[in-house]
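Student: Below are the sequence and a predicted model for it; my questions follow.
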Amino acid sequence: MSSAQYQRTIGATQNDTLDAIAYRVYANRSVEMLPKLIESNISYSPFAVLPAQALITLPNDNAAAAAPTIKLWD
């Protein structure tokens, strides 16, 4: 089974927001990943502040898999 078949989730903390979760999980790519995070959790998009313990689905971050490798030796 490949890792692409698994859905990653995270539990929201008190006073959490989707953009705060995007920043914690994706760091410098949070601006790029926020629309995907909202799309993956459309039922929570009307909320400015998420309910505590809301289960948030994290979209796949394909940039990590597509990162170029560096060959140290020939």
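Tutor: Happy to help now that I have it. Note that this is a predicted model, so its numbers are computed, not measured. Numbering: from 1, shown residues only.
Student: Tell me which residue lies nearest the centroid of this structure.
Tutor: Taking CA atoms, centre = their mean, the centroid of the chain lies closest to residue 58, which sits 3.9 Å from it.
Student: okay but that one is in contact with residue 8, surely?
Tutor: Yes: taking CB atoms under 8 Å as the contact criterion, residue 58 and residue 8 are neighbours in contact, 4.2 Å apart. Every residue, glycine included, has its C-beta placed from N, CA and C.
Student: Okay, and residue 34 sits in which element?
Tutor: For residue 34, the enclosing helix or strand under DSSP states H and E is helix 30-40.
Student: again, but for residue 57
Tutor: Here residue 57, judged by DSSP H and E, is contained in strand 55-58.
Student: List the neighbouring strands of that strand plus their orientation.
Tutor: In its sheet, strand 55-58 lies beside strand 8-11 (antiparallel), with partners assigned from DSSP bridges.
Student: ok now the next helix or strand after the strand it pairs with, how far from the chain's centre?
Tutor: Toward the C-terminus, strand 8-11 is succeeded by helix 18-26 as the next helix or strand (DSSP H and E). Computed by CA atoms, centre = their mean, to the nearest Å, the chain-centroid distance of helix 18-26 equals 7 Å.
Student: Next up, the contacts around the residue nearest to the centre of the chain.
Tutor: Taking CB atoms under 8 Å, 6 or more residues apart in numbering as the definition of contact, the neighbours of residue 58 are 7, 8, 9, 10, 25, 37, 40.
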